[in-house]
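**Student:** test case, fold it:
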Amino acid sequence: MNEKNNHYLSFKEIITESIIRDLVLFTLLFLFVAAQNWDNILLVLFPLITFTFSLFFRIISSSKHRTGFQNSYILYNPLGLEKINANRLFFSSILQLTLIFWFGAESLYNPHLVEGYLAYFIGFFIFFYTFGFFLIFIDLWKYTKIKIITTKLDDSLTKQNEIEFAADLNNVVAFLNLKYYKLISFINIITFIILNITNVISLVLLENIPVLGFQLSLPGSGSVNLGSISVSYIFYGILVIPPLLSVAIFFLNYKKINLFNFEKLNEILEPLPKNLQIKIVESLKSLNRKMKEKLSME
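**Tutor:** Numbering: from 1, shown residues only. Below you'll find the predicted structure:
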C-alpha cells in the first residue's frame with residue numbers, strides 16, 4: 001500500500017520553487033494591469049489561458065520528479081518534455097501581459113498616440129498568443145516517448161555477470177510515429193499562419209467597415225483624445241482555437257503513446273533480474289488505469 005501511494009502527491013509536495021516563481025511573477029504583472037482599471041477582461045483572458053497551460057505542464061513536471069519517474073527506470077513523456085512546454089508558455093503569457101500593461105499606460109498618458117499603435121499592438125499581441133501554443137509542438141516528436149532505462153542499475157539490483165549486458169539496454173517502448181508527428185506539425189503550422197493572417201486581414205477590414213467589430217474600452221477611454229477602440233469579432237475565435245486544438249492533440253497523443261507494444265516490453269524485461277522486472281512493471285501500472293489492466297492481463 002505504501003509503495004502504491006508513493007506515486008500520489010499532496011498539494012504541498014507538488015508546489016515547487018519554479019511554480020511559486022511563476023505564480024509570483026505572473027500575479028505581480030497581472031496586478032499592475034488590473035490597477036489600470038480595465039473595464040473589459042477580454043484581453044486579459046489571453047495571458048490567463050496561456051499561463052494556465054503553463055502551470056499545468058509545470059505541475060506535471062514537478063510531480064514526475066517528486067515521484068521518481070524521471071530518475072528511475074522509466075522515462076515517461078506522453079506529452080513531450082513538460083518543463084520546456086511550461087517555460088515556453090510562461091514566457092508567452094508574460095509577453096502578453098507586458099503588451100497589455102504598455103498599451104493601457106499609453107491610453108492613459110498618451111491617448112493621442114493609441115490609434116496609431118492599435119494595429120501593431122493587436123498584431124503582436126495575437127502573434128505572441130498563438131506562437132506560444134505553436135512552440136510546444138515543434139519538437140514534440142523528439143521528447144514524446146516511453147523508455148525503459150537500465151543503464152543506471154546498481155550492483156544490488158542485478159547480478160555481476162549481467163551488468164555488461166544490461167548496460168546496453170536503453171529501450172524505447174513507445175514513441176510518436178513520424179507520420180503522425182508530420183500531421184500534427186502540418187495542422188499546427190497551418191493553424192498558426194491562418195490565425196495570424198486572418199487577424200491582419202480583420203484589422204484592415206475593420207478600418208473601413210467598423211460594423212465588423214465591437215467596442216473595447218481602454219483605461220484611458222473617455223478622455224478628449226481617446227474613446228473606445230474597435231476590435232474584430234474574430235478575437236473570440238482566436239482566443240479559443242489554440243487551446244482547444246492543443247488539448248485535442250495532446251489527448252490523442254497521450255492515447256497513442258500509452259498503447260505501446262507489450263511484446264517489446266517483454267523482450268526488454270526478460271534478461272533482467274526478477275526483482276527488477278517487478279519494479280518496472282509496478283511503476284508502469286501506476287501510470288494509468290488502462291496500462292494497469294493490460295499489464296495485469298499479461
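**Student:** got the contact list for the residue nearest the centre of the chain?
**Tutor:** Central residue of the chain (CA atoms, centre = their mean): residue 85, 4.5 Å from the mean position. The contact partners of residue 85, by CB atoms under 8 Å, 6 or more residues apart in numbering, come to 53-54, 57, 79, 136. All C-beta atoms are positioned from the backbone trio N, CA, C, and that covers glycine.
**Student:** so it sits in a strand?
**Tutor:** No - under DSSP: H, G, I helix; E, B strand; the rest coil, residue 85 sits outside any strand and is assigned helix.
**Student:** quick check: the farthest pair among the contacts of residue 85?
**Tutor:** Taking every pair in the contacts of residue 85 and measuring CB to CB, the maximum separation is 13.1 Å, between 54 and 79.
**Student:** of those two, give the one with the bigger neighbour count.
**Tutor:** Remark: of residue 54 and residue 79, residue 54 carries more neighbours, 26 against 21, as counted by other CB atoms under 10 Å.
**Student:** spell out the secondary structure type for residue 243.
**Tutor:** What three-state DSSP gives for residue 243 is helix.
**Student:** pull the number of nearby residues for residue 126.
**Tutor:** Residue 126 has 23 nearby residues by other CB under 10 Å.
**Student:** does it touch residue 198 like I think?
**Tutor:** No - at 9.2 Å, residue 126 does not count as touching residue 198 under the criterion of CB atoms under 8 Å.
**Student:** overlap in contacts, these two.
**Tutor:** Counting by CB under 8 Å, 6+ apart, the common neighbours of residue 126 and residue 198 are residue 238.
**Student:** re earlier: which one of the contacts of residue 85 sits closest to residue 276?
**Tutor:** Nearest to residue 276 out of the contacts of residue 85 is residue 79 (CB to CB; 26.8 Å).
**Student:** show me the contacts for the closest one.
**Tutor:** 57, 60, 85, 144, 250, 253-254.
**Student:** which of those residues sits closest to residue 16?
**Tutor:** residue 60 (11.7 Å).
**Student:** tell me which element that closest one falls in.
**Tutor:** helix 42-67 (DSSP states H and E).
**Student:** give the pairing partners of the next helix or strand after that helix; include direction for each.
**Tutor:** Proceeding N to C from helix 42-67, the next assigned helix or strand is strand 74-77, under DSSP H and E. Partner strands and pairing direction for strand 74-77 (DSSP bridges) are strand 145-149 (antiparallel).
**Student:** which residues sit against the strand it pairs with?
**Tutor:** 72-78, 169-176, 257-258, 260, 265, 268-269, 280.
**Student:** can you pull out the helices in the stretch 151-298 of the chain?
**Tutor:** Along the stretch 151-298 of the chain, the stretches classed as helices by DSSP state H, counting those that start in this stretch are 163-166, 178-208, 234-258, 262-269, 274-285, 289-297.
**Student:** quick check: mean pLDDT across stretch 284-292?
**Tutor:** Computed over stretch 284-292, the mean pLDDT rounds to 66.
**Student:** repeat for stretch 77-95
**Tutor:** In this model, stretch 77-95 has a mean pLDDT of 93.
**Student:** what residues are up against the residue nearest to residue 96 when sequence neighbours are not counted?
**Tutor:** In space, and not counting its chain neighbours, residue 96 is closest to residue 47: 3.9 Å by CB to CB, 6 or more residues apart in numbering. Contacts here follow CB under 8 Å, 6+ apart; on that basis residue 47 touches 26, 30, 92-94, 96-97, 100, 129.
**Student:** tell me the most packed of those, by neighbour count.
**Tutor:** Among the contacts of residue 47, the one with the most neighbours (other CB under 10 Å) is residue 93, at 28 neighbours.
**Student:** kindly provide the distance from that one to residue 54.
**Tutor:** 6 Å (CB to CB, to the nearest Å).
**Student:** just the pLDDT at residue 276, thanks.
**Tutor:** Value for residue 276, per-residue pLDDT: 77.
**Student:** if I look at it, how far off is residue 260?
**Tutor:** 19 Å.
**Student:** cool, residue 175 as well?
**Tutor:** 9 Å.
**Student:** still on that earlier bit, now the contacts of residue 85 in JSON lines, with distance to residue 214?
**Tutor:** Shown next, in JSON lines, are the contacts of residue 85 (distance: CB to CB, whole Å):
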{"residue": "53", "distance to residue 214": "26"}
{"residue": "54", "distance to residue 214": "29"}
{"residue": "57", "distance to residue 214": "33"}
{"residue": "79", "distance to residue 214": "36"}
{"residue": "136", "distance to residue 214": "30"}
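**Student:** of those residues, the lowest pLDDT goes to which?
**Tutor:** Note: of the contacts of residue 85, the lowest pLDDT belongs to residue 79, at 88.
**Student:** and it, backbone torsions?
**Tutor:** phi -120, psi 20 (degrees, to the nearest 10).
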